[in-house]
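Visitor: I would like the atomic coordinates for the input below:
(2 chains)
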Amino acid sequence: MQRTLNTTDSNRGMDTSSPAVFVNAELLSKYVGKKVRAVVQVLRTEGGNIIGNSTDEMQLVIKGHLPPQLTTFVEVIGIAESNQSIRAEIVTNFGDTFDALSYNRVCQLANGDQKSLFL
Amino acid sequence: MDDINLTNNAIAMICNGELQAEEDMKPVLQVYDIKLLSAGQQSSNERYRMLLSDGLHSQQSMLATQLNHLIHSGKLQKGSIVRLSQFVSQTIQNRKIIIIIGLDVIFENCDQIGEPKLYVDGPQVRTSIPGQSSVGHPGTASVNPQSVSGSAASAPLPSGSLSAANVIGRASLHQPKPEPHANPQSYGSSFSGNPDSRVFSTTNGPSMYPKAESGARHPQSTSGKYGDQTGNYVNRNEGGSRAPLNTYGRPMPSTYQQPPPTYMNRGPVARNDTTVRTIPIADLNPYQGRWTIKARVTSKTILKSYSNARGEGKVFSFDLLDSEGSEIQATCFNMAAEQFYGMIEAGRVYLISKGSLKPASKTFNHLNNDFCISLDIGATVQPCAEDDDSIPMQQFHFRSIADIENMDNNTMLDVIGVVSSISLTVSIMKKDGTETLKRSLQMKDMSGRSVEVTLWGNFCNAEGQQLQSLCDSGKYPVLAVKAGRINDFNGKAVGTLSNSQLFVNPEIPEARTLREWFDTEGKDITSVSVSRETVGVGRIDVRKTVSQIKDEQLGTSEKPDWITVKATINFIKVDNFCYTACPLMVGERQCNKKVNNNGDGQYRCEKCDQSVAQCDYRYILQFQIKDHTGLTWVTAFQECGEEIIGVSAKELYDLKHEDEDSFGDAIRRVMFTDYVFKLKVKEETFSDEQRVKSTVVKAEKLDVSSESRFLLDMINRLVEDHNAFLGKAANVVMESGMISTGLGVNQASMMNSTGMRTNHVGHGSPYNSTKNAIGGTGVSVFCNSCGGTGHNERNCPSIINRQGHPGVSGHVNASHAGVVSGGSSFTGNMSSVYGSGGGGARGYGGGTNQRVSY
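Guide: Okay, the predicted model is just below:
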């Protein structure tokens, strides 16, 4: 699936100019306050939040407005609030099958030497 | 006319061997009688038999076919006086026959001179031509041995064995060899004569002939052997072989029994030739004068017909082994082949003489001898009455399976091993359209290696079945292969030829040793195979880009290249996407040849020579594929075509002609879809030009997840290379810089979407060396198998089974070099490093640089 980068509504008054960084749980902590994107496996919903597994098998909390129907995997683009939670601005259903391993690897690569390609 | 002096006693001398054609003596003889022998199916084998007389004796002779014209023109007729210029005296079926190769007619017609009596050679068993001559030739009843005074052998057999059946003249021809002592007796008995002559008189008459036929097959000691064997011969060979049968007027198959006449007169009467001086095979050379060898036939090929620039011919060859263990191959062509084919039996011992020695050719000869024997019709082949134990039955020169790996293709060898597994027989279509059987098995030996042995043709059912049942019952048999041939189809393997021999559990020391080894330790160890058993895995999954097909000149070498390409279907030729195919079955497969529309609603197949009302439609889909590097055309046939389009060729054909819109939809659905294609790339010649053609062998819709894995693996390897390289003070900028030329912003998203799992774990060992890949700039290595870092799937501790698949090499330097040098941030070093053939400069050996050049 090809996705283009979206810039968020500037009304929100947040730091939106930079593109979202591919993160998993491990990397999230490095980008607190920054715009990130992550694919999360939905474990359950609590209130208006998603409790899910990151691609490296750690639990994350996704807050914000969520679409009514969620598939097993969702992509979340938003601001990292803490090293365990993301305030979602865009949530996209990614379906029920997803190669988490590949994604995880991409996160690592994207934040390694090849960072310049992404950010 | 009576001035003619027939050469005195010529007949006797010829028969005795005293008079040979090579001497100056060219005997003058009279043709007492001429008879055309029924030639069987082929008129070209019309043979004339003549009774030659020197006034005193007469003898049967055969006229060489090249002289037939003399009879046709009337020059040579009964009563003619002739001078023999070239002839040979042979003993056939215990009868002396003079083969006339050259003669001059002195007088065309002359009255009969003298009262020649049929010459009977001394100890020679006189065969009874009576049967022959009495058929349709009452005039030559005089030939009847009855009239031969003082001649023995009207009853060559001891009277005891002259049972009614044997009376049949033919049968009596087969003087059983192992009864040499019979001879004197036979003379005795024949002299007592009357009962025997009576016997013969009863055989006179036309009925003789057919009876003789059956007599010929009468199993009677050694003659029975011939009968059997030549019986086989007769069955096996149609047409031409029968001609010589009838040519010599004998219903017996065309074998000549030839005890060497020279010996007969010199040595004792006994047939077992103990007094003949034989030389060892090792002493044979082209400069050796007269020689005789005593050897056993260890193998014999079938009688093959061939045609080359010089015409057609027949050939067969056999291997000889003597008591010293030396081997030599003997070959016979044409007439000699027919002559000796029925006589030679594998396993029997023969005395061979008067062949010529020639240098052995490596292609046709696999024995350890610089020479080979060529036998023509003048050669002498005499079976030995008794077996000779000093001559081994078989001589093997076994090589260990480990050696096979280093031996050249097409080498002949003997090999022995324990059969560990055998597969079922399959039917293979040969290039000439005929089908043959094939069966493969694995065998291993003490060298710790195993090899695939392929059985072809009859071996599949005979020995193959035997091996199968032995393996099934858990008794892994020892198999010895003699004269197998090495082929390098998949690694090295051994295949059987028509003259190969298989021995299951042979009683030889090597077999015993192997058995012991296997039973104690061999069966448990896993052998490394010199044959690549899995066809295709290592071979086909070589990933290339479209541009590499051209850049690397794939397909231009002798063998086709099998590659995998991930690409998108760009354009499909809809004009001729299928052809009308013949639906008739040829054996187990459909003919599938293109049929032509007769116009009357019928489709004609040239190959099957039939017309059908309903033809099959088969795909011949040409389409263009494209990836990030380029475009190319490929062709997909029936199976792949259906895979891609999704409907059968017939359906699509109907759709095109009936519902154009749906047809368009069907095609559009396929366009621009991503596939992973397995291609067979080969350069072919079309009229005068060479074109590289790619055929789709398999088309799989792109599986994003797998492709992602594949790409990640390539990245890994790139990283590894890079990290290892770092240790040698490489340019750090290289990697990131290199990637940046190719990668665009879309990389991120593309990385998400594409990828392939590499299933072949452990590509090539060179990479195994870099265990610690975390170094340098800190790009960690990630294992695609278990998801861990710090190692990759090649080193992954969770992987137990490693297969060596050196094939997957990803993108090769060639395509890199071009791109690489285009970058601005690169130093000069780079192109030289990456431009080289991979590994050399870096000391990896064999590995190629993985470059994700998206």
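Visitor: any regions of the stretch 651-800 of chain B where pLDDT drops low?
Guide: Within the stretch 651-800 of chain B, the ranges that satisfy pLDDT under 70 run B:725-800.
Visitor: residue B:103 and residue B:82 touch, don't they?
Guide: Yes - the pair residue B:103 and residue B:82 qualifies as a contact (CB atoms under 8 Å) at a distance of 4.7 Å. Backbone N, C-alpha and C define where each C-beta goes, glycine included.
Visitor: need the overlap of contacts for these two.
Guide: With contacts taken as CB atoms under 8 Å, 6 or more residues apart in numbering or on different chains, residue B:103 and residue B:82 have residue B:76 as neighbours in common.
Visitor: stretch B:357-364: which residues count as buried?
Guide: Residues B:357, B:360 are the ones in stretch B:357-364 that count as buried (16 or more other CB atoms under 10 Å in any protein chain shown).
Visitor: for it, how far is the first residue from the last?
Guide: Chord length of stretch B:357-364, first to last residue, is 15 Å (CA to CA, to the nearest Å).
Visitor: go on, stretch A:24-31?
Guide: End-to-end distance (CA to CA), stretch A:24-31: 11 Å.
Visitor: over to stretch A:77-84?
Guide: 14 Å.
Visitor: can you give me how far it is from the chain middle?
Guide: 8 Å (CA atoms, centre = their mean, to the nearest Å).
Visitor: tell me the mean pLDDT for it?
Guide: In this model, stretch A:77-84 has an average pLDDT of 92.
Visitor: anything in that stretch near chain B?
Guide: No - if you take CB under 8 Å from any CB of the partner chain as the test, stretch A:77-84 misses chain B, and the best it gets is 12.7 Å.
Visitor: contacting residues around that stretch?
Guide: Contacts of stretch A:77-84 with the rest of the structure, by CB under 8 Å, 6+ apart, involve A:6, A:14-15, A:20, A:23, A:25, A:28-29, A:31-37, A:58-64, A:86-92.
Visitor: mind doing that once more with 7 Å?
Guide: The contact list for stretch A:77-84 (CB atoms under 7 Å, 6 or more residues apart in numbering or on different chains) reads A:14, A:20, A:28-29, A:31-37, A:60-61, A:64, A:86-90.
Visitor: now it: buried residues?
Guide: So, applying 16+ other CB under 10 Å, buried residues of stretch A:77-84: A:77, A:78, A:79, A:80, A:81.
Visitor: turn these into TSV, columns for secondary structure.
Guide: As requested, these are exported to TSV (DSSP: H, G, I helix; E, B strand; the rest coil):
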residue	secondary structure
A:77	strand
A:78	strand
A:79	strand
A:80	strand
A:81	coil
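Visitor: which of those residues sits closest to chain B?
Guide: Among the buried residues of stretch A:77-84, residue A:77 lies closest to chain B (CB to the nearest CB), at 12.7 Å.
Visitor: the residue nearest the centre of chain A in helix, strand or coil?
Guide: Centrality entry for chain A: nearest residue to the mean C-alpha point is residue A:38, 2.3 Å, by CA atoms, centre = their mean. Put simply, residue A:38 is strand when judged by three-state DSSP.
Visitor: that older thread, out of the contacts of stretch A:77-84, which end up buried?
Guide: Counted by 16+ other CB under 10 Å, the contacts of stretch A:77-84 give A:20, A:28, A:31, A:35-37, A:60-61, A:64, A:86-90 as buried.
Visitor: when you check chain B, which of those residues turn up near it?
Guide: Applying CB under 7 Å from any CB of the partner chain, the subset of these adjacent to chain B is empty.
Visitor: just the ones of those in strands?
Guide: If you go by DSSP state E, the buried ones among the contacts of stretch A:77-84 have A:35, A:36, A:37, A:60, A:61, A:86, A:87, A:88, A:89, A:90 in strands.
Visitor: would you map the helices across chain A?
Guide: A:25-28, A:100-110, A:115-118 (DSSP state H).
Visitor: buried deepest among these, which one?
Guide: Of all the helices of chain A, helix A:100-110 has the most neighbours on average by mean count of other CB atoms under 10 Å in any protein chain shown, namely a mean of 24.
Visitor: okay, the angle between the lengthiest helix in chain B and helix A:100-110?
Guide: The single longest helix within chain B, with elements called by DSSP H, is helix B:704-726. Here the directions of helix B:704-726 and helix A:100-110 differ by 40 degrees (axes from the mean of the first three to the mean of the last three CA atoms, to 10 degrees).
Visitor: can I get helix B:704-726 in PDB? Just the C-alpha atoms.
Guide: Extracted in PDB, the C-alpha atoms of helix B:704-726 (Å, rounded to 0.1, in the frame of the first residue of the first chain):
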ATOM      1  CA  VAL B 704       4.200  -8.100  -0.600                       C
ATOM      2  CA  SER B 705       5.300  -9.700   2.600                       C
ATOM      3  CA  SER B 706       7.700 -12.000   0.900                       C
ATOM      4  CA  GLU B 707       9.100  -9.400  -1.300                       C
ATOM      5  CA  SER B 708       9.700  -7.200   1.700                       C
ATOM      6  CA  ARG B 709      11.600  -9.900   3.400                       C
ATOM      7  CA  PHE B 710      13.700 -10.400   0.300                       C
ATOM      8  CA  LEU B 711      14.500  -6.800   0.000                       C
ATOM      9  CA  LEU B 712      15.300  -6.600   3.700                       C
ATOM     10  CA  ASP B 713      17.600  -9.500   3.200                       C
ATOM     11  CA  MET B 714      19.400  -7.700   0.400                       C
ATOM     12  CA  ILE B 715      19.700  -4.700   2.600                       C
ATOM     13  CA  ASN B 716      21.100  -6.800   5.300                       C
ATOM     14  CA  ARG B 717      23.700  -8.100   3.000                       C
ATOM     15  CA  LEU B 718      24.500  -4.700   1.800                       C
ATOM     16  CA  VAL B 719      24.900  -3.700   5.400                       C
ATOM     17  CA  GLU B 720      27.200  -6.600   6.100                       C
ATOM     18  CA  ASP B 721      29.300  -5.900   3.200                       C
ATOM     19  CA  HIS B 722      29.500  -2.400   4.200                       C
ATOM     20  CA  ASN B 723      30.300  -3.100   7.700                       C
ATOM     21  CA  ALA B 724      33.000  -5.600   6.900                       C
ATOM     22  CA  PHE B 725      34.300  -3.200   4.400                       C
ATOM     23  CA  LEU B 726      34.500  -0.500   7.000                       C
END
